[in-house]
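K.L.:
Provide a 3D model corresponding to the input given below.
(2 chains)
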Protein chains: 2
Amino acid sequence: MTPETADVLLGNEVSFLAGADAGNGCDIAISSRIRLARNLAEMPFPGSASDEMREKISDAVADVVDPRLFGGKVHLFEMASLSPVDRDVLMERRLASADFIRRTGGAKLLVRNDERISLMVNEEDHIRLQAIRPGFQLPALWEEISRIDDRLGRKLPFAFDEKLGYLTSCPTNVGTGMRASVMLHLPALTLSGRIGATVQGIQKLNLAVRGIYGEGSDNRGNFYQISNQHTLGESEEEILGRFSAVIDQLINFEREARAALLQKDRFGMLDFVGRSFGALRYAYKMPGGEALNHLSGVRVGVDMHLFENLDIRCVNELWIATQNGHLQKNAGRELSAAERDVERARICREKLRQGRN
Amino acid sequence: MTPETADVLLGNEVSFLAGADAGNGCDIAISSRIRLARNLAEMPFPGSASDEMREKISDAVADVVDPRLFGGKVHLFEMASLSPVDRDVLMERRLASADFIRRTGGAKLLVRNDERISLMVNEEDHIRLQAIRPGFQLPALWEEISRIDDRLGRKLPFAFDEKLGYLTSCPTNVGTGMRASVMLHLPALTLSGRIGATVQGIQKLNLAVRGIYGEGSDNRGNFYQISNQHTLGESEEEILGRFSAVIDQLINFEREARAALLQKDRFGMLDFVGRSFGALRYAYKMPGGEALNHLSGVRVGVDMHLFENLDIRCVNELWIATQNGHLQKNAGRELSAAERDVERARICREKLRQGRN
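P.N.:
I've put the predicted structure just below:
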C-alpha cells in the first residue's frame, strides 16, 4: 500500500457522528468506541524498540491488514510523512490519538474507508485496533471488533499469557487489553450544577472521565468521554455489561435534568440555546473553545426540539469543520490563531445560514 | 383641557428619533434638545410653594397654552392622576424628567401632538419649555422655541431682571435659562478607549456629560448627553454657537474613530456588531442594560453600512419599545423584572426577524 494524505478522508461523513444506525440514546450518547491493545510476541514494546524494529513491526502489521481482514477498502497513513495539518485532521476525526500523531519512526495508521475501523501501529502498543460508531451501541461494536481481532490473531503472533491474558506496554491494559468508551453530551447536568457529583460517582465505579480529546483535555462543550479502567479478571462481555448499565443511567440522568430545566425555567433554556445559535450565526471571530460551547447549546436545542428547522447534521458538520486541522485543511494552508478564529466564524455563519433562516 | 393618559402618544413616531429632517450628523447625533426655564413673577418657586399655589400656577400656564401658541394640537397630562407606567412612558419619550414624574401637586405636562414641543409646569421652575428634534439641528430648534417663548412671555409675567436675565429656582440657570443638549452615540470612541479623555476634554470646556436618562444615569449603550452649563453673561446665540462647534468636533472624532477601527480590525468591528445583532435576534431573556448595549452595536453597524438590509427605524423603535414603561404599556399590565426581560427579548426577536432575515 502507498501511504496517503488526509485528503482521501475529507469527503467522508465522519464515522462517529454520521449514520442512520446511531442506535439508542444518540442525542446524549454521541458515539461509542472500543479499542483493543495488542502486541507481537517476542518483540520489544514500541517505547523501547529501535526505529528499525518499529519499521519492521509496522510492515508486518500493514502486510496482513487487507480489505478482507478489515471488511472494506483500507487507507494507510505514515505519521512521519504527513503534514502537521494532516495529522491534526486524523486526530480530529478520532482515528489517531494526540500522542500517536507526534510519533514518527514506524508510526502507521490503517483506516477502513468508512473510518469505523482503524488501527494504530506503534502507538504505546504495537497494535491499537479501534471500532467507533455514532450513538450508544457497544454490543455491535464488540461483535465487529472481536471478529477483526480474531482474524488479526490468526495472522500475527500476539503476546498472550494463559493466566494474565493479553500483554501490553502499560500494566493497566493487561488482560483483555480492551477500553470501551462512550462520548456523552451532558449540558443539562452541567447547567443544573449536578455534573461534579455525577463525575465523582462515575469515578467511584472505577470508570475514567475525560474531555473531548481524551486524556488531559477539558470538558469544553459539555462533552464527557467515559471509559472503563478494569481490564483484568473479567471477560470483555462482563466488562461491557457493567459499563453499559452505567452509561444507561447517565443518559437517564441527563434526560431527566433536561426535562426539569425546561419545566422549571423554559425561557432560561431557550435563552441558553438561542444565544448559542445567535453567536455562531453572527460572530466574525470565534475561538475554538467558545465554538464548542455554543455548539453544545445548539445541539441540546435540536435534541429538545427547540428549533423549528435545524438539522443535527449541520451541528455535527460544524463540530468537525471548526477544529483547527479541518479549518486549515479546508483553507488549503496553515492559519494563524487569529485567522482561524475568523475562518471558524465564517464557516459557522454560512453553515447556519444554510441550515436555517 | 381634560387630562389624558400616555395612550394618546403611543401611536406617534417618537419625536426625537423619527423624521426625515434629521439634519447633519444624524448617525452620531441622535437628537438635539433645548429647554428654557421660566418662572412667573411674584410667585414662589415650586419647591417652596403650597400645593394650592402650584395648582394655581399650573392652571395659569395651562390656560394660555393653546394650539395657536404651541403650533399644533396640545395634550395635557397631570402627574398625580397618571399610573406609574404612564409616567415612565412620558419620561422614556423624553417629555418629562425623572424628577418631574415623581411630583404630584400641580405637576402638569403639556405636549404638542408631534411631541417636539412640550412644557413641564412645576418641575424645578414654574415652566420648563422644551423643543426636541432628531439629529443635530440647534438653529432650527432655537428659532422654534424662542418664537413660542416670546408668545408665552406676552401672556404670562415672567420673572426677569434687567441685569441678570431670567430668574430661576437654581442659580445655575439664571440668565438665559437655556440648556441646550445633544445626545451623541459614541461607540467607536468607547471601543478604542478614547472616551475617558474625550469626556474630560468636554468637561474642561464647561459642558456637562450625562447618560441617556440625564443626570445620574450611566452611559449604557454608549450614549452621551452633552449640554451647556453657562447661562449667564452671553446671548443664547453665542452659547449655541460655541456649543455647536464642540459637538461638530465630537462628531468628527467619532467618525474618525469608526473609520480607524474598521481599517485596523474590520473583523473585530463586524464581530462587535454581529454579536449584538445575534443576541437581540435570538435571546429569550434580555435585561434592559444589555439591550441598550446591543442596540448600540446594531446602530453603529447600520450607520457603517455593515448590514445588508436593516433599517435604522427598526433600531429606533426597539430603543423606545424595550424600555420598562413602554414594555408594560404594550403588555397592558405591570410586569415583574423577570417578566420584563422575557418580554423585552420577545420584542427584540420579533422586530429583528421582520427587519431582516
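
K.L.:
Okay, and residue A:326 sits in which element?
P.N.:
helix A:324-331 (DSSP states H and E).

K.L.:
Next, the buried residues of that helix.
P.N.:
A:324, A:325, A:326, A:327, A:328, A:329, A:330 (16 or more other C-beta atoms under 10 Å in any protein chain shown). Glycine gets a C-beta too; all of them are placed from N, C-alpha and C.

K.L.:
What is it packed up against?
P.N.:
helix A:84-92, helix A:312-321, helix A:337-355 (3 or more C-beta pairs under 8 Å, 6 or more residues apart in numbering or on different chains; DSSP states H and E).

K.L.:
any idea of the mean pLDDT in the last one?
P.N.:
Confidence for helix A:337-355, expressed as mean pLDDT, is 95.

K.L.:
got the angle for the helix holding residue A:326 vs helix A:337-355?
P.N.:
80 degrees (axes from the mean of the first three to the mean of the last three C-alpha atoms, to 10 degrees).

K.L.:
Close to chain B: what parts of chain A are there?
P.N.:
Selection of chain A residues close to chain B by C-beta under 8 Å from any C-beta of the partner chain yields A:267-268, A:270-271, A:274-275, A:277-279, A:281-285, A:342, A:345, A:349, A:357.

K.L.:
Give me the buried subset of the residues you listed.
P.N.:
Among those, those buried by neighbour count (16+ other C-beta under 10 Å) are A:267-268, A:270-271, A:274-275, A:277-279, A:281-285, A:342, A:345, A:349.

K.L.:
residue of the stretch 101-250 of chain A with the smallest distance to chain B?
P.N.:
Nearest residue of the stretch 101-250 of chain A to chain B, counting by C-beta to the nearest C-beta: residue A:191, 14.0 Å away.

K.L.:
Once you drop chain neighbours, what's closest to that residue?
P.N.:
residue A:261 (6.2 Å; C-beta to C-beta, 6 or more residues apart in numbering or on different chains).

K.L.:
What is the neighbour count of that neighbour?
P.N.:
20 (other C-beta atoms under 10 Å in any protein chain shown).

K.L.:
cool, and the one 4 residues further on?
P.N.:
For residue A:265, the number of neighbouring residues by other C-beta under 10 Å comes to 16.

K.L.:
Can you tell me the closest non-neighbouring residue to whatever residue of the stretch 1-150 of chain A ends up closest to chain B?
P.N.:
Nearest to chain B in the stretch 1-150 of chain A, going by C-beta to the nearest C-beta, is residue A:27, at a distance of 21.2 Å. Distances taken as C-beta to C-beta, 6+ apart put residue A:303 closest to residue A:27, at 4.0 Å, once the chain neighbours are dropped.

K.L.:
before we move on, what about residue A:318?
P.N.:
Counting by C-beta to C-beta, 6+ apart, the nearest residue to residue A:318 once its immediate chain neighbours are dropped is residue A:351, at 5.5 Å.

K.L.:
was I right about residue A:330 contacting residue A:321?
P.N.:
Yes. Between residue A:330 and residue A:321 a contact is recorded at 6.8 Å, counting by C-beta atoms under 8 Å.

K.L.:
Name the SS class of residue A:310, please.
P.N.:
Under DSSP: H, G, I helix; E, B strand; the rest coil, residue A:310 falls in the coil class.

K.L.:
What of residue A:256?
P.N.:
Here residue A:256 is recorded as helix under three-state DSSP.

K.L.:
Show residues contacting the host helix or strand of residue A:9.
P.N.:
Using DSSP H and E, residue A:9 sits within helix A:7-10. Residues outside helix A:7-10 that contact it (C-beta atoms under 8 Å, 6 or more residues apart in numbering or on different chains): A:75, A:86, A:89, A:90, A:93, A:95, A:111, A:115, A:329.

K.L.:
cool, stretch A:289-299 as well?
P.N.:
With contacts defined as C-beta under 8 Å, 6+ apart, stretch A:289-299 is touched by A:185, A:187, A:212, A:220-223, A:272-273, A:275-277, A:279-280, A:286, A:307, A:310, A:312, A:315, A:318-319, A:322, A:344, A:348.

K.L.:
Give me the mean pLDDT for that stretch.
P.N.:
Stretch A:289-299 comes out with an average pLDDT of 95.

K.L.:
What pairs with the lengthiest strand in chain A, parallel or antiparallel?
P.N.:
Longest strand of chain A, by residue count under DSSP state E: strand A:29-38. Strand A:29-38 pairs in its sheet with strand A:127-134 (antiparallel), strand A:178-185 (antiparallel), by DSSP bridges.

K.L.:
how about the last one as PDB, C-alpha atoms only?
P.N.:
The C-alpha coordinates for strand A:178-185 follow below in PDB (Å, rounded to 0.1, in the frame of the first residue of the first chain):
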ATOM      1  CA  MET A 178      -9.900  -3.500  26.000                       C
ATOM      2  CA  ARG A 179     -11.000   0.100  26.500                       C
ATOM      3  CA  ALA A 180     -14.600   0.900  25.800                       C
ATOM      4  CA  SER A 181     -15.600   4.500  25.800                       C
ATOM      5  CA  VAL A 182     -18.800   6.500  25.200                       C
ATOM      6  CA  MET A 183     -18.800  10.200  24.500                       C
ATOM      7  CA  LEU A 184     -21.700  11.800  26.400                       C
ATOM      8  CA  HIS A 185     -23.200  15.300  25.900                       C
END
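
K.L.:
still on that earlier bit, return the distance of the helix holding residue A:9 from the chain's centre.
P.N.:
17 Å (C-alpha atoms, centre = their mean, to the nearest Å).

K.L.:
Make CSV from the buried residues of helix A:324-331 and add pLDDT to it.
P.N.:
Formatted as CSV, the buried residues of helix A:324-331 follow (pLDDT from 0 to 100):
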residue, pLDDT
A:324, 96
A:325, 96
A:326, 96
A:327, 97
A:328, 97
A:329, 95
A:330, 94
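
K.L.:
Mind picking the two most distant members of those?
P.N.:
Using C-beta to C-beta, the two most remote members of the buried residues of helix A:324-331 are A:324 and A:330, lying 10.9 Å apart.
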